[in-house]
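*Asks:* I need the structure of the sequence given here:
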Amino acid sequence: MFKKIFTIFLLLFFWGLADNVKAGFGISPPYVKTEKPIFIGSHYEQKITLLRSSAEEDLQATITINAPEINTWISTDKENTFELPKNMLQVPMVIKVDVPPDAEVGNYKGYINVRIAPKEKAEGATGVAIALGARINIDLDVTDQEFANFKVRKVDVPNFEKFSKPWSWPIFSYFFYKMQVAMTIENTGNVKTAPTNIHVDVYDLTEKSLLESYDNNKIKEIDSFMTEDRKVDFRTKLEPGQYWANVKIFKDDKIVRKDKLIFTVFEPGTAPGSNRMGKGPYIMMGGIILFFLIIIIALIKARSWRLVFKILYFITFPLVFLIKLILKFLNSLKVKFFKWIFKKASKYQD
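*Replies:* Residues are numbered from 1 along each chain as shown. Modelled structure (predicted):
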C-alpha cells in the first residue's frame, strides 16, 4: 500500500514540476483508411488533426513512419519535425499515400507515431519536460478493380453582371459572358471521375417560359477519395433580372442530383463586389490590338504598304468614280434649281 502511495506521489510531483507540456494531446481521426480499396497506381490523401487542450506555448512534433512494406508509399505535408504554434489548439496534417503501378493486391498495415515535446529551453531555465505522443494506424486495401463513383455535396448558381460596352459586343460576349454552376464533389471511388454531364434549364420567375437550355460534359475529373470544387460555364444571352435554374447532374444516363435555384443577373456596374468578367476580355482586346500593330509594322518593314494602298485604290476606284458622278449630278441639279429660282424672282420684279 505504501509503495502505491509513494508512486502516485512521485508522479504528481514530477507532473507539478513540468512547465512545458501541461495539456492533453490527441489525434482525429487516429487512422488512415479508405471506405473502398485503393486502386493500383492511384493517390490518396487524408487529413489528420493534431489536438491539444491547451496551447500556451510553442511545441515541437516529430513524425515517425513505421510501415515496412509500404514505407515509401507514405508521406505527409509536413517535415519530419515541425512546430505546433502557440495559441493553436488544432494543427492539421495531411497523410499522402501513393500506390505504385507495380504494387500487389492485398492488405497493408503499419502506423505513424507522432510525438510532441517542448522546444529547446532557453539557457538558465529549469523544469522537467514531459513528452506526449499518439499513434495513427494505417490499414490499406489495394485492389486492381476499378470503382468509379461520386457524391455531389453542394450546388449553386452564382449571381453575375451583364457586361457594359465594349465588352457586350458579340466578339467579347460570345467568349466571356457566361453563367456558372458551382459544385462541391466528393470522389468516393478509387479512380479519377467526374459527372458525365451538367444540364441546366433557365426559366423566368413565373416558370412558364423556358428561356435557355445548356449542356456541358467537359468537367475536370477529381482524384480518387478527394473532395474538390468545380465550376462549369455556359454561354448565355440573359438580360438583367431574376431567373430560376433547374440543374441536373448526370452519371452516365442517370441523374444523381437535381436542384432548383434562383439567381440574379445585375445591370452593368450594379453587382455587389467584383464582376466575374475577369481578365479574359482585356487580354483578348490587347491581343487584337497587338495583332493589327504587328501587321502594320510588318507591312512597313517589308515596304509593301504602297502595294497595299494601290490594291485598295483599284478595288475602291469604281466606288469612288460612282460617288463622283453622283456628286456631279447633284451639283448640276443645284445649279439648275438656283437658275430656276432666279428666273422666277426676276419675273416678279418686272
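
*Asks:* just the helices in the stretch 151-300 of the chain please.
*Replies:* Remark: helices assigned in the stretch 151-300 of the chain by DSSP state H, counting those that start in this stretch are 170-176, 280-301.

*Asks:* so how far is the shortest one from its chain's centroid?
*Replies:* Same thing as helix 170-176. Relative to the centre of its chain, helix 170-176 is centred 22 Å away, using CA atoms, centre = their mean, to the nearest Å.

*Asks:* for stretch 243-263, same thing?
*Replies:* 20 Å.

*Asks:* buried residues in it?
*Replies:* Neighbour-count burial for stretch 243-263 flags 243-251, 257, 259, 263 (criterion: 16 or more other CB atoms under 10 Å). C-beta here means a position set from N, CA and C on the backbone, and glycine is covered the same way.

*Asks:* I figured Leu140 hits Glu35, correct?
*Replies:* No. If you go by CB atoms under 8 Å, Leu140 and Glu35 don't touch, sitting 11.9 Å apart.

*Asks:* More neighbours: these two, which one.
*Replies:* Neighbours were counted for Leu140 and for Glu35 using other CB atoms under 10 Å; Leu140 has more, 23 against 8.

*Asks:* The residue nearest to the more buried one when sequence neighbours are not counted and Trp73, how far apart?
*Replies:* Once flanking residues are discounted, Leu140 sits nearest to Tyr108: 4.8 Å by CB to CB, 6 or more residues apart in numbering. As for Tyr108, its distance to Trp73 is 8 Å (criterion: CB to CB, to the nearest Å).

*Asks:* Could you name every residue contacting both of those two?
*Replies:* Common contacts of Tyr108 and Trp73 (CB atoms under 8 Å, 6 or more residues apart in numbering): Ala67.

*Asks:* what about Phe25, distance to Asp156?
*Replies:* Distance, Phe25 to Asp156, using CB to CB: 39 Å.

*Asks:* still on that earlier bit, out of the helices of the stretch 151-300 of the chain, indicate the one that is most buried.
*Replies:* Highest mean neighbour count of the helices of the stretch 151-300 of the chain: helix 170-176, a mean of 14 (counted as mean count of other CB atoms under 10 Å).

*Asks:* Now do it: which elements does it pack against?
*Replies:* Using 3 or more CB pairs under 8 Å, 6 or more residues apart in numbering; DSSP states H and E, the elements in contact with helix 170-176 are helix 280-301.

*Asks:* which element follows the helix it packs on toward the C-terminus?
*Replies:* helix 305-349 (DSSP states H and E).

*Asks:* Report the mean confidence score over that following helix.
*Replies:* Helix 305-349 carries an average pLDDT of 76.

*Asks:* That one packs against which elements?
*Replies:* Here helix 305-349 touches no other helix or strand, going by 3+ CB pairs under 8 Å, 6+ apart.
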